[in-house]
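S.K.: Model the structure of this input:
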Amino acid sequence: MWEKYKDIIPHIAVDSGVINTVADWVLLSGYKNVLVVCDPNTFRVAGDFVIKSLGAAGGRVAPCMFAEDEPLPNERSIGVLTAAYSPDIDLILGVGSGTINDLCTYVGAKVGCASAIVGTAPSMDGYASLGSAMLIDGVKVTPPTQCPVAIFCDVDILSAAPLLLTAAGLGDMLGKITAHADWRLAHLLVGEPMPEDIVSIVESALDKIINGAPYLPQRVPAVIKSVTEGLILSGIAMSLYGDSRPASGMEHHLAHFWEMRMLALGQAPALHGIKVGVATIIGLYLWQELGNELVGSAEQGVDFSFWSDSRANDLNESDTNEPRVSSTPKREAHTSLLIANKPKVSEIRRLYGRSSDAILQTQNPNLPISLIQDKWQEILDIAKALPSPEEIAKLLSALGAPVTPTEISISEELLRDSIVYARERKKTYTLLQLLGDLGCLEDYAGRACSYFAKNALAGVKCFVLDMDGTIYLSDKVFPFTASFLKHLEKTGKDHIFYTNNSSQNAAYYLTKLERMGIPVTPDKLMMSTHVLLEFLSDCPDIAGKRVFVSGTKALRDDFEAAGYTLADDDPDFVVLGFDMDMDYKRLSKLCDFVRSGLPYYGVHIDYNCPVESGFIPDCGSLAAAVTSSTGRTPDFFGKPSRYTLEYIIKKTGYKEEELCFVGDRLYTDIAIASGTKSRSVLVLSGETKQSDLAASKFIPDLIVRDLNELESFIVRS
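M.R.: The predicted model follows:
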């Protein structure tokens, strides 16, 4: 099937055992000096074999291995690869997938050296692309580079790749759905060409992916091969077109924007294809919303006369050197579509930094409303032909891929910013441009945020409720707590109470809740102390032995009741809890024991305990003092530890994805769900304030003022 594309890429091999043919092909093709590029992961998977086989066949090999497991396609990585290159190198051979592939083609084009790739995962469609997705000066760009002279994809290696990488490939290909819709839109409104042969290639590639998607979790070699062929075909389509347009639309604009912003904030973004998968779901939702609005507008007989082509002149008027931002768009009574609203210059400067000047020099075109009106039915046809966001989410979920922004640490603010401002990075006409022309980008961004918020708790059966700061504050129950608990019962949802606070025992909390009018059975109350004791009971070297407990009397009593001997001297292990009686003598003794190398456990990591007057230091703060003195950090057992999640699953019988943690702390209540299938809800009734979210790496699935507001998001399944 690859013969017809030989003029673009001379050699493409996708099959079992292909890695064994690399060395022979390289040498028979006349390449003598090969720069082999990999990272530590791809070196283990295939790079070591490629280097050794080339050497054994008589080739001269110069290895270039990045220090990072996941290098970035930025100036630093370009510098590392360029420094490893020398004029006698005649082939740059990458071993890897996305970033490795892009760096090799980019540097190869810059220095005038051929490049080839040994794929290690079916994770993206750039293997055969003429462009490289690079991060230059903090902005994601796709400069034209060169196609590889050879692509080697060993199906045995690809089948063994982590499923998350395969899920990334699926996400990247499903993005062709919205990319194709955007391409049709641009063809319709701005006359972008859509050559039938290239369209056919993309459609064929997408068919391979969708047909194979249900079988990807089983790693069926024939399916992996077909999916990989689809990924390569997609890249060929881009190369034939001379641009990424056939395979890239608004979903890539969003994904690139997220990556840029997260890196600028010091956060690690998800894999490219994973981001594209989530962005595709967002794109389909926006198309669906527009389609519904177009249908409704058509039924009402929309009058477009209120849109004036002179709006651009009105909006451009300015008495400063910056383009003037329009005021809040006017909304006509008979339609929710708005007049055009130019992007805010200050926001572009905030979001794009040093690159904002170049971005502001080019404006997104404002199409005449008369043109959009004339093409109304055709636009509606594009929207109606698309699958629902839920259908695509189902395909991705089956492979364990994230399907919501919060699962990949995209906050509501970042989601909103991306929908409104991602189109500024590349002026390709997409749905985002159309919504900008109609002046309703901010409106649609708000709708998308609401869509994910409303669906954030789908499938949740049990709510794990934090206590202090969530259902009460110190000794005062919140007035909405009783109503919330009744709502859970009414909607058929289960709940448990969980507290990290180890200053008291279970009997105390049961009595406290009873006094507050919240009767609770012992099986519905769980504590960080319980989690630690459960763990220790499975440690034969520790169970029943001598322990130094730095904590309250209640914590010491719990350890005695569990069969341990409290010891101020010569203990077998050390436990640190919430110790309101800590003095210098006890702190010194604790540090001595920890410094001696004894097993050291922290009941929970909370830094502060909320009280009516503010906060008092908690276990995490005391542990930080010990760490400063000894250099050791305890193994913590409350939230957000995996120990706690597994304990709750074991005791309740619910699956991970059926649990939702509700609490007021980002680093415990929200962090415990991060990277898992569980959900999290942040309540702003305790420690965390809205302003704290900007600096947090933990993103809740939902943010509410308090439990009273949370009620509206919980419905009967």
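S.K.: can you list contacts of stretch 445-454?
M.R.: Residues from elsewhere that reach stretch 445-454 (C-beta atoms under 8 Å, 6 or more residues apart in numbering): 282, 285-286, 289, 404-406, 412, 415-416, 419-420, 702, 713. (C-beta placed from N, C-alpha, C; glycine too.)
S.K.: Any chance of JSON lines for these, columns secondary structure, neighbour count and pLDDT?
M.R.: Converted to JSON lines, these look like this (DSSP: H, G, I helix; E, B strand; the rest coil; neighbours: other C-beta atoms under 10 Å; pLDDT from 0 to 100):
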{"residue": "Ile282", "secondary structure": "helix", "neighbour count": "25", "pLDDT": "98"}
{"residue": "Tyr285", "secondary structure": "helix", "neighbour count": "20", "pLDDT": "98"}
{"residue": "Leu286", "secondary structure": "helix", "neighbour count": "24", "pLDDT": "98"}
{"residue": "Glu289", "secondary structure": "helix", "neighbour count": "19", "pLDDT": "95"}
{"residue": "Thr404", "secondary structure": "coil", "neighbour count": "20", "pLDDT": "94"}
{"residue": "Pro405", "secondary structure": "helix", "neighbour count": "25", "pLDDT": "95"}
{"residue": "Thr406", "secondary structure": "helix", "neighbour count": "25", "pLDDT": "92"}
{"residue": "Glu412", "secondary structure": "helix", "neighbour count": "21", "pLDDT": "92"}
{"residue": "Leu415", "secondary structure": "helix", "neighbour count": "22", "pLDDT": "97"}
{"residue": "Arg416", "secondary structure": "helix", "neighbour count": "16", "pLDDT": "96"}
{"residue": "Ile419", "secondary structure": "helix", "neighbour count": "27", "pLDDT": "97"}
{"residue": "Val420", "secondary structure": "helix", "neighbour count": "22", "pLDDT": "95"}
{"residue": "Leu702", "secondary structure": "strand", "neighbour count": "22", "pLDDT": "93"}
{"residue": "Phe713", "secondary structure": "helix", "neighbour count": "16", "pLDDT": "93"}
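S.K.: Greatest separation within the residues you listed: which pair is it?
M.R.: By the measure C-beta to C-beta, Val420 and Phe713 form the most distant pair in these, at 24.3 Å.
S.K.: Now tell me which helix or strand of the protein has the poorest mean pLDDT.
M.R.: helix 311-316 (a mean of 38; mean pLDDT, DSSP states H and E).
S.K.: what pLDDT, on average, does the very next helix or strand once past it get?
M.R.: Proceeding N to C from helix 311-316, the next assigned helix or strand is helix 345-352, under DSSP states H and E. For helix 345-352, mean pLDDT is 89.
S.K.: Over to stretch 607-623?
M.R.: 86.
S.K.: Not counting its neighbours along the chain, what's nearest Ser356?
M.R.: Arg349 (4.5 Å; C-beta to C-beta, 6 or more residues apart in numbering).
S.K.: And the pLDDT at the residue lying closest to Trp376 once chain neighbours are set aside?
M.R.: Nearest-residue entry for Trp376: Leu294, 6.5 Å, with adjacent residues in sequence omitted and distances by C-beta to C-beta, 6+ apart. Looking at Leu294, its pLDDT reads 77.
S.K.: same thing with Lys426?
M.R.: pLDDT for Lys426: 81.
S.K.: what's the answer for Ser326, then?
M.R.: Ser326 carries a pLDDT score of 28 in this model.
S.K.: With Leu707 as the reference, measure out to the residue sitting nearest the centre point of the chain.
M.R.: Against the mean C-alpha coordinate of the chain, by C-alpha atoms, centre = their mean, the closest residue is Ile408 at 1.6 Å. Computed as C-beta to C-beta, to the nearest Å, the Ile408 to Leu707 distance reads 27 Å.
S.K.: got the buried residues for stretch 235-255?
M.R.: 235-241, 243-255 (16 or more other C-beta atoms under 10 Å).
S.K.: Work out the gap between that stretch and the centre of the chain.
M.R.: Using C-alpha atoms, centre = their mean, to the nearest Å, the mean C-alpha position of stretch 235-255 is found 21 Å from that of the whole chain.
S.K.: again with stretch 575-591
M.R.: Taking mean C-alpha positions (C-alpha atoms, centre = their mean), stretch 575-591 and its chain are 40 Å apart.
S.K.: With stretch 412-428 instead?
M.R.: Worked out by C-alpha atoms, centre = their mean, stretch 412-428 lies 16 Å from the chain centre.
S.K.: Can I get that stretch as CSV, trimmed to CA atoms?
M.R.: In CSV, the C-alpha atoms belonging to stretch 412-428 read as follows (Å, rounded to 0.1, in the frame of the first residue of the first chain):
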residue,chain,number,x,y,z
GLU,A,412,-11.9,25.9,34.2
GLU,A,413,-10.0,29.2,33.8
LEU,A,414,-7.5,27.6,31.3
LEU,A,415,-10.4,25.9,29.4
ARG,A,416,-12.2,29.2,29.1
ASP,A,417,-9.0,31.0,28.0
SER,A,418,-8.2,28.4,25.4
ILE,A,419,-11.6,28.5,23.7
VAL,A,420,-11.4,32.3,23.6
TYR,A,421,-7.8,32.9,22.7
ALA,A,422,-6.3,29.7,21.2
ARG,A,423,-7.3,30.9,17.7
GLU,A,424,-4.8,33.8,18.0
ARG,A,425,-1.8,31.5,17.8
LYS,A,426,-2.6,30.4,14.2
LYS,A,427,-5.0,32.2,12.0
THR,A,428,-6.3,29.1,10.3
